[in-house]
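J.: One predicted model, sequence on top.
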Amino acid sequence: MQKTSKALLGLAAAFVMSSALPNLAKADELTLCWAAWDPANALVELSKDFTAKTGTQMKFEFVPWTSYADRFLNELNSHGKLCDLIIGDSQWIGGSAENGHYVKLNDFFDKEGIKMDDFVPATVVGYSEWPKNTPNYWALPAMGDVVGWTYRKDWFEKPELQKEFKAKYGHDLAAPKTYDELKQIAEFFQKREIDGKTVYGASIYTERGSEGITMGVTNVLYDWGFQYENPKKPYDMEGFVNSADAVKGLEFYKSLYDCCTPPGSSNVYMVESADAFKSGQVAMQMNFAFTWPGLYKDEKVGGDRIGFFPNPAEKAHFAQLGGQGISVVSYSDKRDAALQYIKWFAQPDVQAKWWELGGFSCLNSVVNAPDFAKSQPYAQAFLDSMAIVKDFWAEPSYASLLQAMQKRVHNYVVAGNGTAKEALDGLVKDWSEVFKDDGKI
């Protein structure tokens, strides 16, 4: 599952950590494993500074998102030695901690003065902690990410469309703050002709094979009142996963899919959603924040043509967390050198450059710097989004939990089978079986 300029470098005093790295454990080469995407390219560039300081060469093993989980979870489960460092998805943390795949970092953090209080709290919980909300750390927050939205600002600003929209809905055509407003905008643009081309309302996640539709629908479910479990009783899901409000949220997501998406939208995830926006098909698109730098630079839809906004609200206000932490693989023969990479990566000046290059820093002193919100056109939307994040299960059995949700939700939203209530009732049944098998119910 998500990001810092020399203008932000008045930060070093915030950390009692030297930018020099004396007495490093030596290694000729370290291999870092991650997904193949734009932030990985930024990390390659950033890591040249680590090599310059230490003499340790960095080798990178990047694989496409479609095979990322299978490739690296198989590597960890087989106790392979390919990866010295891994930037693993947030949902992997429970299984990787309990199965001994990751090195526990508490003693190292204490020794080096790395404090988890210096990072955005939601990223510490999401990327580093297991069990959740306990001070047991298995990763350093590395890549902040969250589901948000982009929109065609140039279309929204057309005077004739502004006038027509306000006459119809009674309020201005602007970035929506609620899902009701978002649907109004999507309906307004659906099959409208703009600049001689038929356009559509919105691109949303619907992909079934990996995690796509779950990463999309949760944004709506959270805002309608869906909860993973009874806050007072772990793994008690009846009436929380399938509450009346959660049912209404799932019905809304289907209504948005039915009314306002482009033709051929039955299997959309990150790449397809970005492509729909870049090709000028849609007025709005749901996507992870990591896509925003590239979209802003796009010659056809970027610059003044694009706007950014956080996930809308309804009864509540949340957004699906993405992003990852960086961990030391316990099977590595170069553990000490890998730990030194994490020490280097945690430094404020490195984190500031990480943001500058296109990564998404999770360090408070970077994202809370006075000029951060104006450092990029999407920086404020990123800040607003990271303030409302919620994550999917990070249980060791998360893959089974995810597969069940993918199937139940896709069958209802896209295939049109059954009702929202039946889908969520079935999901409670599926998840209960998983937790019974795990001995947790």
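T.: Done, it's in.
J.: What about I388, how many residues nearby?
T.: 21 (other CB atoms under 10 Å). Placement of C-beta: from N, CA and C, glycine included.
J.: Quickly find the element holding the residue of the chain most remote from its centre.
T.: When distances are taken from the C-alpha mean of the chain, A167 lies farthest, 36.8 Å away, according to CA atoms, centre = their mean. Per DSSP states H and E: A167 is located in helix 159-169.
J.: And for G148?
T.: strand 147-152.
J.: Give me the residues contacting that strand.
T.: Strand 147-152 has contacts (CB atoms under 8 Å, 6 or more residues apart in numbering) with 175, 182, 215-216, 219, 277, 282-289, 291-292, 295, 301, 305-312, 319-320, 322, 381-382, 385.
J.: please redo it, this time with the cut-off set to 6 Å
T.: For strand 147-152, contacts defined as CB atoms under 6 Å, 6 or more residues apart in numbering pick out 219, 283-286, 288-289, 295, 306-311, 319-320, 381, 385.
J.: In helices, which of the residues you listed appear?
T.: N219, L295, A381, S385 (DSSP state H).
J.: of all those, which comes closest to G249?
T.: Nearest to G249 out of those is N219 (CB to CB; 9.4 Å).
J.: if we can go back for a sec, buried residues in the helix holding A167, which are they?
T.: L161, F165 (16 or more other CB atoms under 10 Å).
J.: mind saving the C-alpha coords of that helix as PDB?
T.: The C-alpha trace of helix 159-169 is given here as PDB (Å, rounded to 0.1, in the frame of the first residue of the first chain):
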ATOM      1  CA  PRO A 159     -17.700  30.000 -16.800                       C
ATOM      2  CA  GLU A 160     -20.500  28.300 -18.700                       C
ATOM      3  CA  LEU A 161     -20.200  25.100 -16.700                       C
ATOM      4  CA  GLN A 162     -20.000  27.000 -13.400                       C
ATOM      5  CA  LYS A 163     -23.200  28.800 -14.300                       C
ATOM      6  CA  GLU A 164     -25.000  25.700 -15.300                       C
ATOM      7  CA  PHE A 165     -23.900  23.700 -12.300                       C
ATOM      8  CA  LYS A 166     -24.900  26.400  -9.800                       C
ATOM      9  CA  ALA A 167     -28.300  26.700 -11.400                       C
ATOM     10  CA  LYS A 168     -28.900  23.000 -11.100                       C
ATOM     11  CA  TYR A 169     -27.400  22.300  -7.700                       C
END
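J.: how close does the one residue sitting closest to the centre of the chain get to N417?
T.: In the chain, the residue lying closest to the centroid (CA atoms, centre = their mean) is G322, at 1.7 Å. For G322, the distance to N417 equals 28 Å [CB to CB, to the nearest Å].
J.: How about V44?
T.: In terms of CB to CB, V44 sits 44 Å off from N417.
J.: Any regions of the stretch 151-300 of the chain where pLDDT drops low?
T.: Counting by pLDDT under 70, the stretch 151-300 of the chain shows no low-confidence range.
J.: Could I get the full set of strands for it?
T.: 192-194, 197-203, 282-288 (DSSP state E, counting those that start in this stretch).
J.: Single out the most deeply packed of those.
T.: Across those, averaging neighbours per residue (mean count of other CB atoms under 10 Å) puts strand 282-288 on top, at a mean of 26.
J.: Residue ranges of each domain in the protein, please.
T.: 29-145+323-386, 147-320+394-438 (the TED database).
J.: before we move on, the earlier item: strands paired with the strand holding G148, and their directions?
T.: strand 282-288 (antiparallel), strand 306-310 (antiparallel) (DSSP bridges).
J.: Distance to M237 added to those strands, as JSON lines?
T.: Formatted as JSON lines, the strands paired with strand 147-152 follow (distance: least, CB to CB, whole Å):
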{"stretch": "strand 282-288", "distance to M237": "26"}
{"stretch": "strand 306-310", "distance to M237": "28"}
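J.: closest one to D28 among those?
T.: Of the strands paired with strand 147-152, nearest to D28 by CB to CB is strand 282-288, at 35.1 Å.
J.: orientation of that closest one relative to helix 159-169 in degrees?
T.: 80 degrees (axes from the mean of the first three to the mean of the last three CA atoms, to 10 degrees).
J.: hang on, the earlier thing: out of V44 and N417, which sits in the busier spot?
T.: For V44 and N417, the more surrounded residue by other CB under 10 Å is V44, and the numbers stand at 15 against 12.
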